[in-house]
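Chemist: No sequence on hand, only this structure:
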């Protein structure tokens, strides 16, 4: 019997990876347009407020803040890119009769349990 399928189910894991991509993209968008620093606005306010103090620590603090903001953006973009690549490697449906070891990818409760165990 060629061309028949056993028990095809939607790959919920693939959908979850897609949701990660959307959420990461939303974070990047909400943090500011383009490749800017998501804490740039905060840094500007701090720099203005700190101007009167004349502290030499200000420059180092603002440099660290800028570096942290750029690292955050890179981390979120990396998460998005990784989830996107993994999603592309996943089939839309899984035949759980032929591949019972992949059943967890088709059951939201199993997927949720696995994510909590990590």
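Modeler: Alright, I've got the coordinates. Worth saying up front: this structure is predicted, and the values here are computed from it rather than measured.
Chemist: which residues sit against the helix or strand bottoming out on mean pLDDT in the chain?
Modeler: Within the chain, no helix or strand scores below helix 40-50, which has a mean of 74 by mean pLDDT, DSSP states H and E. Residues outside helix 40-50 that contact it (Cβ atoms under 8 Å, 6 or more residues apart in numbering): 32, 37, 58, 61-62, 65-66, 69. Where C-beta positions appear, they are placed from N, C-alpha and C, glycine not excepted.
Chemist: what element comes up after it heading to the C-terminus?
Modeler: Sequence order places helix 57-89 as the next helix or strand after helix 40-50, per DSSP states H and E.
Chemist: what is the mean pLDDT for whichever helix or strand comes after that next one?
Modeler: The helix or strand immediately downstream of helix 57-89 is strand 93-95, counting by DSSP H and E. On average, the pLDDT along strand 93-95 is 97.
Chemist: Pull up the pairing partners for strand 93-95, direction included.
Modeler: Strand 93-95 has the following sheet partners, assigned by DSSP bridges: strand 8-10 (antiparallel).
Chemist: chain center to the strand it pairs with: distance?
Modeler: Put simply, strand 8-10 sits 25 Å off its chain's centre (Cα atoms, centre = their mean, to the nearest Å).
Chemist: The chain should start at 59 in everything you say after this.
Modeler: With the count now opening at 59, the last piece we talked about shows up as strand 66-68.
Chemist: Tell me where the model's unsure across this protein.
Modeler: Across the chain, the ranges flagged by pLDDT under 70 are 59-63, 91-94, 109-112, 176.
Chemist: The closest residue to residue 142 other than its chain neighbours: helix or strand, and which one exactly?
Modeler: Once flanking residues are discounted, residue 142 sits nearest to residue 79: 5.0 Å by Cβ to Cβ, 6 or more residues apart in numbering. According to DSSP H and E, residue 79 maps onto helix 70-89.
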